[in-house]
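Trainee: Take this sequence and fold it.
(2 chains)
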Amino acid sequence: MPQVIEVCPVTELAPGEKRLVEWEDLEIGVFNCAGTVYAIEDRCSHDDGPLVEGEFDQQTCTVECPRHGSLFDLRTGQPKTLPAYVPVDTYNVIIENDTIKLEVE
Amino acid sequence: MATPDTVNTDVPVLTENEQLAQINSDYTERYGFHDAENYLYKAPKGLTPELVAKISEFKSEPQWMRDFRIKALEHFLARPMPTWGSPMLAEVDFDDIHYFVRASERAERSWDDVPEDVKKTFDRLGIPEAERKFLSGVGAQYESEVVYHQVREDLEKQGVIFKDMDSGLREHEDLVREYFATIIPPNDNKLAALNSAVWSGGSFVYVPPGVHVEMPLQAYFRINTESMGQFERTLIIADEGSYVHYVEGCTAPTYSSSSLHSAVVELIAKPGARIRYTTVQNWSTNVFNLVTKRAVAQEDATVEWVDCNLGSKLTMKYPSVYLLGERAHGEILSIAFAGKDQHQDAGGKIIHAAPNTTSNIFAKSISKDGGRGSYRGLLEIAKGAHGARSKVVCDALLLDEDSRSDTYPTIRISEDDVNVGHEATVSKVGDDQLFYLMSHGISEEEASKLIVNGFIEPITKELPMEYAVEMNRLIELQMEGSIG
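Mentor: Sure thing, here's the model as predicted:
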């Protein structure tokens, strides 16, 4: 069953900012791309690199894995460059009562 | 040099010192010479952000490429040197390298316009002659930049682009920007980051849909000066249903100080396309050859790496193919010859990321006079790549007790319905094979050559004839006087 978890008030994640959310055994990177919030699994599908620690470009809505440089599209979780070739999981983001929430299961 | 047609069984047995002296005995004469340095610019040794900016400025690059280089330099500086591979890696001194040397104003389209000394060098290496006889196009790089580049007119009319990478960026910026560093990002590894920061020269190839380039395109890379760093960058895009064969060769003078060659090569085979990439690497034995080569094969596409490593002090190179589309095929044929003081750490990687993909890796290494040959490979079959089939064969031949062979195969399989075979052998020349041949009246030296030729034949037969002949000649040269 999907469950909704709270991340933070919208005001605490300004455009261009990112943060790590942990829930049970999940680690999720939450990114504000020019006003739209996206959430992806915080584990590169190539070599488990921590994506939220990578360079985040809110204009192209991508994050670069700090370990081997794969670039991920935050909207889809798809790698745009090798060496990763498998997409990472994405999570539904809900903005409710000025709060950022994620749908997880 | 004796060939099978002119066997002289009366050749006196040489002493060990004489045998050693003969190895690569004509390298200096054929490849190891150097020219006077009439350069337009030679950077002082060492790598700085100012030099990286200067290289970009020299080339009048767009801002995005300048930013790309600077960021790559940061990645290079932040990453430690790898500790796997070879202990020789620790000998690379990044402060003792010239990172950029410009020998001529531009890549000329006529050999007559190439500076005289440089033209003479390529004449001596036989490049213009090969171009006339059997190539569709040639790029000749001297130090940091391409000095000559030409492609047959009929191919140009069909839309084939074959440029040096600097011209490719200038003239086809959108196409370059779309694909550049998507296969090998700058932060992939330390040496890829270095190349991304200071890249210069190399080839840009685009083959339009359905076009078959029947005769190979060739690039030749020449280092001339001492303590040189050569960092070419190659990007090949074969559009749907097209075919291209790209061949590269390289040599350098022999110096007592080390040089560094660190290329990045990216190949993209779109649906139904086929790319064959052949390398005959024959650097002098003072060159560190640390190269990153990677390809993607989309649906029904084929990528073949034919990778021959004869020269260099240390080579670390593992061409890889990502089979991203259904029924894509990857092939890696690798041959390495490690002589005295050489370490050839070669192999390949295949990643099956789609159903019904197929691949072969055939790797052969020959070690002699204390040389070390290593096979390092990866075969990965991802979840969902059902029906994948792969065969990995790596064979090593040791010619004496002092030489060494290592095998580091990694196989990761995350799918049940697959067919994977792996075979590895290490054999030592001598004993039964030598006895058998010598019992038929063949000298020991000739018997050794025959065994080695038979050992590498499955790979040399895949080379264009002219290169197969050259490869056999080089191997025979390396083998000269190797009995013992």
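Trainee: helix, strand or coil for the nearest residue to B:Ser414 once chain neighbours are set aside?
Mentor: Leaving out its chain neighbours, the residue that sits closest to B:Ser414 by Cβ to Cβ, 6 or more residues apart in numbering or on different chains is B:Lys383, at 4.4 Å. From N, CA and C alone the C-beta is placed, and that goes for glycine too. Following DSSP: H, G, I helix; E, B strand; the rest coil, we place B:Lys383 in the coil state.
Trainee: list the helices and strands whatever helix or strand B:Cys308 lives in packs on?
Mentor: If you go by DSSP states H and E, B:Cys308 is part of strand B:302-309. Contact analysis of strand B:302-309 by 3 or more Cβ pairs under 8 Å, 6 or more residues apart in numbering or on different chains; DSSP states H and E lists strand B:264-269, strand B:274-281, strand B:292-297, strand B:314-317, strand B:329-338, strand B:343-352 as its packing neighbours.
Trainee: Kindly indicate whether the closest residue to chain A within the stretch 1-150 of chain B is helix, strand or coil.
Mentor: Here the stretch 1-150 of chain B gets closest to chain A at one residue, B:His75, 7.5 Å apart by Cβ to the nearest Cβ. Under three-state DSSP, B:His75 falls in the helix class.
Trainee: Check the gap between the residue nearest to B:Ser414 and B:Arg233 for me.
Mentor: Distance of B:Lys383 to B:Arg233, computed by Cβ to Cβ, to the nearest Å: 33 Å.
Trainee: now swap in B:Leu260 and tell me
Mentor: From B:Leu260 to B:Arg233 the distance is 15 Å (Cβ to Cβ).
Trainee: same check, this time on A:Ile94
Mentor: A:Ile94 sits 45 Å away from B:Arg233, taking Cβ to Cβ as the criterion.
Trainee: Please identify which of these two sits among more neighbours.
Mentor: B:Arg233 (25 against 15; other Cβ atoms under 10 Å in any protein chain shown).
Trainee: Bridged to the more buried one, which residues?
Mentor: B:Val264 (DSSP bridges).
Trainee: Just give me the neighbour total for the residue nearest to B:Ser414.
Mentor: Neighbour tally, B:Lys383, other Cβ under 10 Å: 11.
Trainee: how about the helices in the chain?
Mentor: This is for chain A. Counting by DSSP state H, chain A has no helices to list.
Trainee: think we crossed wires, I meant chain B
Mentor: B:16-22, B:27-30, B:49-58, B:63-78, B:116-124, B:127-134, B:153-157, B:165-171, B:173-179, B:190-198, B:431-438, B:444-460, B:465-479.
Trainee: Just name the most buried of the ones you listed.
Mentor: Ranked by average neighbour count under the criterion mean count of other Cβ atoms under 10 Å in any protein chain shown, the helices of chain B are headed by helix B:190-198 at a mean of 26.
Trainee: Quick one: residues contacting the nearest residue to B:Ser136 once chain neighbours are set aside.
Mentor: In this structure, B:Ser136 finds its nearest non-sequential neighbour in B:Met215, 4.3 Å apart by Cβ to Cβ, 6+ apart. Neighbouring residues of B:Met215 by Cβ atoms under 8 Å, 6 or more residues apart in numbering or on different chains: B:Phe134, B:Leu135, B:Ser136, B:His245.
Trainee: now those: which count as buried?
Mentor: B:Leu135, B:Ser136, B:His245 (16 or more other Cβ atoms under 10 Å in any protein chain shown).
Trainee: Just grab the bridge partners of the residue nearest to B:Thr407 when sequence neighbours are not counted for me.
Mentor: Take B:Thr407 and drop its neighbours on the chain: the residue closest to it by Cβ to Cβ, 6+ apart is B:Tyr375, 4.7 Å away. Taking DSSP bridges, one finds B:Ala346, B:Thr407 as the beta-bridge partners of B:Tyr375.
Trainee: OK, contacts around B:Tyr375?
Mentor: B:Tyr375 neighbours (Cβ under 8 Å, 6+ apart): B:334, B:346-347, B:363, B:365, B:394, B:396, B:405-409, B:424.
Trainee: ok, now B:Ile268?
Mentor: B:Tyr179, B:Ile183, B:Leu235, B:Ile236, B:Ile237, B:Ala238, B:Ala295, B:Val296, B:Gln298.
Trainee: where does it sit relative to chain A, distance-wise?
Mentor: When Cβ to the nearest Cβ, to the nearest Å is the yardstick, B:Ile268 and chain A sit 11 Å from each other.
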